[in-house]
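Enquirer: need a structure here:
(2 chains)
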There are 2 protein chains.
Amino acid sequence: MRMVETIESVRRAVQSASKPLGLVPTMGYLHEGHLSLIRTARAECDAVVVSIFVNPTQFGPGEDFERYPRDLNRDLSLCEREGVDVVFTPNAREMYPQGFRTYVDVTELQDRWEGASRPGHFRGVATVVTKLFRIVQPQRAYFGEKDYQQLKLVQRMAADLVLDVEVIGCPIIREPDGLAMSSRNVYLDDESRRRAAALFAALADAQRDLACGVRSAARLCTDMRAALDRVGGIAIDYVAVVDPESLEPVDVVANEARALIAAWVGGVRLIDNAPLVPPA
Amino acid sequence: MRMVETIESVRRAVQSASKPLGLVPTMGYLHEGHLSLIRTARAECDAVVVSIFVNPTQFGPGEDFERYPRDLNRDLSLCEREGVDVVFTPNAREMYPQGFRTYVDVTELQDRWEGASRPGHFRGVATVVTKLFRIVQPQRAYFGEKDYQQLKLVQRMAADLVLDVEVIGCPIIREPDGLAMSSRNVYLDDESRRRAAALFAALADAQRDLACGVRSAARLCTDMRAALDRVGGIAIDYVAVVDPESLEPVDVVANEARALIAAWVGGVRLIDNAPLVPPA
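Expert: From the prediction side, this is the model:
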């Protein structure tokens, strides 16, 4: 496994790599969710690059950029064990040199849900992913469905800007109680950790409602909110039922939709989502 | 010479072309300025692609998108005569399909001068040029210095997003009286056409002032404004002396700077610029 820190060296490393090349962009502090992306890339591609970069432009003022968990040595061991070919760990100066001023905006899609709660977040994501795609030039890139809006935004961007990358979404990996794996779960204290399972439980409630014939998005949202409120100690940011591509709210679940939840649990902001597939 | 209208067909055409490949992006209605770009590309590259696309996203509401001059048959004959290999003439639906929503912003640089007078203009330019670069994947691209701010913005963008294109600026081609060649010159009536030469004359005044020891940007701007006002019938939009890379105004011409002029002449908006190189 090669570890490289500069754009020039990663480009040199991938030039000689077998193709198709798979990229797994991460902010490090790898968990089973990341490892599942790496394993899928490993299975589908001849060479795998993992980038580890805590991207400052996707954090807002007052967010957790400084304290975002980092453990590079552990990340490198995990990558090595998973058979990763190249790990790219640039610093901020390498990605955003003096005078840098070009940003990618995915209009509308970037302003909803996570974008409304985290202004500038998706501009940062779209910009760094465009750069990573251009630097590494993978044929495929792997993103977790946990960040569902991010996945849809990156897919839209890759198509719109002709980036020539197939952007592949991979299923959410969950703890035994259903909590979606996230590097930020480490922030949760014991009590909040127990409560955090309510997000998945609420999504499962919506799926069960749907299976029982409930098609009204308002009703599904009410039920999800009630499920979260029952647990206590959870401050809901948003609960929504949306079109799975445009992420616009739907009124009725006539075709496949997506349920989205964002909530604060013990001072930690968590997100989760699930498909809503109406019975045939 | 091949003429292609779709992204897929131009990509197929360039795949087999010899490299380096040169791209000359245009909005058509070709004049000697465009031809000089094509000739430079022809001399420096093994294959030359000219794109002809009147890009709707770089025109503001109330601007001249609808009446922008077009003459595709003449453009094609000129390209043929200049030995162009491929002419790419997409329509708006090909470049901006249903659901398109990704835009490229070159912050700060896009807000000054032309950007201040034409909100959204440079977002449209940056987006379409990114797409053209990704579609054609040239090693070099040629832009006229007449649109100096555009040239600097595209160079910055290509570097920031790692687009792997060398963006080459080519000298302004002028009419015998100094008027910079532009497709929009066709809008000028006889009287305005005579007055329009004042832009170049004002820039030449600034260069002469500088050669005589004037280093104050304020003084140079005053002299350029006076030169324009003397002619009459010219409404100045801006006159500026700026850093040649950042396009920020300078106070004193200590190193090379750029003089910029935008003005309305008989209802037609014209721009011009010139280098200001202080004597050694």
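Enquirer: Centre of the chain to the helix or strand encompassing A:Arg193, how far?
Expert: Per DSSP states H and E, A:Arg193 falls inside helix A:190-211. In terms of CA atoms, centre = their mean, to the nearest Å, the centre of helix A:190-211 is found 19 Å from the chain centre.
Enquirer: mind listing what's buried in it?
Expert: Judged by neighbour count (16 or more other CB atoms under 10 Å in any protein chain shown), helix A:190-211 contains these buried residues: A:192-203, A:205-207, A:209-210. Heads up, the C-betas are built off the backbone N, CA and C, glycines and all.
Enquirer: and the angle for the helix or strand following it with helix A:190-211?
Expert: Per DSSP H and E, the first helix or strand lying C-terminal to helix A:190-211 is helix A:217-231. With axes from the mean of the first three to the mean of the last three CA atoms, to 10 degrees applied, the angle from helix A:217-231 to helix A:190-211 works out at 150 degrees.
Enquirer: tell me which strands and helices helix A:217-231 is in contact with?
Expert: With contacts taken as 3 or more CB pairs under 8 Å, 6 or more residues apart in numbering or on different chains; DSSP states H and E, helix A:217-231 sits against helix A:190-211, strand A:234-242, strand A:257-265.
Enquirer: before we move on, the earlier item: pLDDT on the helix holding A:Arg193, on average?
Expert: Helix A:190-211 carries an average pLDDT of 98.
Enquirer: Please export the C-alpha coordinates of it as CSV.
Expert: Extracted as CSV, the C-alpha positions of helix A:190-211 are listed here (Å, rounded to 0.1, in the frame of the first residue of the first chain):
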residue,chain,number,x,y,z
ASP,A,190,-24.1,6.5,27.1
GLU,A,191,-27.5,7.9,27.7
SER,A,192,-27.6,9.6,24.3
ARG,A,193,-26.2,6.6,22.6
ARG,A,194,-29.2,4.6,23.8
ARG,A,195,-31.6,7.3,22.7
ALA,A,196,-29.9,7.6,19.3
ALA,A,197,-31.4,4.2,18.2
ALA,A,198,-34.7,6.0,17.9
LEU,A,199,-33.8,7.5,14.5
PHE,A,200,-33.7,4.1,13.0
ALA,A,201,-36.8,3.0,14.9
ALA,A,202,-38.7,5.9,13.6
LEU,A,203,-37.7,5.2,10.0
ALA,A,204,-38.7,1.5,10.5
ASP,A,205,-42.1,2.7,11.8
ALA,A,206,-42.6,4.7,8.6
GLN,A,207,-41.8,1.7,6.5
ARG,A,208,-44.2,-0.4,8.6
ASP,A,209,-46.9,2.2,8.2
LEU,A,210,-46.4,2.2,4.5
ALA,A,211,-46.6,-1.6,4.4
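Enquirer: For A:Thr222, grab the count of nearby residues.
Expert: A:Thr222 is flanked by 13 other residues according to other CB atoms under 10 Å in any protein chain shown.
Enquirer: any low-confidence regions in chain A?
Expert: Residue ranges of chain A with pLDDT under 70: none are present.
Enquirer: residue ranges of the helices in it, please?
Expert: Secondary structure of chain A (DSSP state H): helices at A:7-15, A:32-44, A:72-81, A:92-95, A:114-117, A:121-136, A:148-160, A:190-211, A:217-231.
Enquirer: Now do the contacts for A:Thr47.
Expert: Slight slip there: residue A:47 is Ala, not Thr. Counting by CB atoms under 8 Å, 6 or more residues apart in numbering or on different chains, A:Ala47 makes contact with A:14, A:17-22, A:85-86.
Enquirer: Report the separation between A:Val154 and chain B.
Expert: 10 Å (CB to the nearest CB, to the nearest Å).
Enquirer: No more questions from me, cheers.
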